[in-house]
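Asks: Build the 3D model from these lines:
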Amino acid sequence: MRNTKMVSLSRVKLFCIGTALMLIMLVAAPTTAAHAQSVFVPGNASGYFGNPVDQAVPFVSALTVSGPGRITVTYVSGLVTLNSHGDTTGPNGTSCDSCKGMQFPLHEARGSGFGKANNVGALIGVFVPQSRVLRKGFSAIDGTKDALRVGVMPGGLFLIGEGKAFDVTEAGTLFLGINDTIVGDNSGGFNVTVAGP
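Replies: Predicted coordinates:
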């Protein structure tokens, strides 16, 4: 009789512990989901990167985090029209044979010259530490073309395309933009969701 009673008590304890863990998971889940948000990145938000450039349209502030953690960007919908001819692309961009002699933002990020143009019009991003974002005069444009040099440094630019998850080690802001240089004739844009710590 004692063994049966002990087994029953053990099962009740395990059931209670399992139920408590499930409740904790359910309560914690909405907290994580609350950090996801929708962001629209217009097709002309090139951040003034590359060469030649025609418009200083800043990158879009997508997410600010207060400390380390993982940021996830996911493409949802939208296309970017790259010129008056109606050439369009999705978030991974396209190659451009007639773009020789142009330096796109991702070229500038690699410190390379006017090479083969891949990922033209693609969704790109940069994570900027909070200390830089809070500097007087900061704008989400190419800091190498900014007389005060408080903009975004091109070396931090990276391809996002259809989606990317990456870890950050400090507080700061994720900015999103388009891998293009001459954007005066661009239209459309990308809808994305961004989630973070």
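
Asks: how long is stretch 156-176 end to end?
Replies: End-to-end distance for stretch 156-176, by C-alpha to C-alpha, to the nearest Å: 12 Å.

Asks: average pLDDT across that stretch?
Replies: Taken as a whole, stretch 156-176 has a mean pLDDT of 97.

Asks: in that stretch, what counts as buried?
Replies: For stretch 156-176, burial by neighbour count (16 or more other C-beta atoms under 10 Å) applies to Leu157, Leu159, Ile160, Gly161, Lys164, Val168, Ala171, Gly172, Thr173, Leu174, Phe175, Leu176. Using the backbone N, CA and C atoms, a C-beta is placed for each residue, glycine as well.

Asks: Pull out the buried residues from stretch 72-92.
Replies: 73-75, 78, 80-83, 88-92.

Asks: okay, among those residues, which ones form the most distant pair?
Replies: Spanning the widest gap among the buried residues of stretch 72-92 are Thr74 and Asn83, at 27.1 Å by C-beta to C-beta.

Asks: helix/strand/coil for Ser131?
Replies: At Ser131 the chain is in helix, as set by DSSP: H, G, I helix; E, B strand; the rest coil.

Asks: Count the neighbours of it for me.
Replies: For Ser131, the neighbour count with other C-beta atoms under 10 Å is 10.

Asks: Looking at it now. What's its pLDDT?
Replies: pLDDT, Ser131: 95.

Asks: Distance check, Gly69 against Ser38.
Replies: Gly69 sits at a distance of 19 Å from Ser38 (criterion: C-beta to C-beta, to the nearest Å).

Asks: residue boundaries of the strands in this structure?
Replies: Here the chain has its strands, by DSSP state E, at 37-42, 60-65, 69-77, 80-81, 88-89, 94-96, 117-120, 123-129, 158-159, 163-168, 172-178, 187-195.

Asks: what's the fifth one packed up against?
Replies: When you say that, I think you mean strand 88-89. Here strand 88-89 touches strand 80-81, going by 3 or more C-beta pairs under 8 Å, 6 or more residues apart in numbering; DSSP states H and E.

Asks: Give the pairing partners of the strand it packs on; include direction for each.
Replies: strand 88-89 (antiparallel), strand 187-195 (antiparallel) (DSSP bridges).
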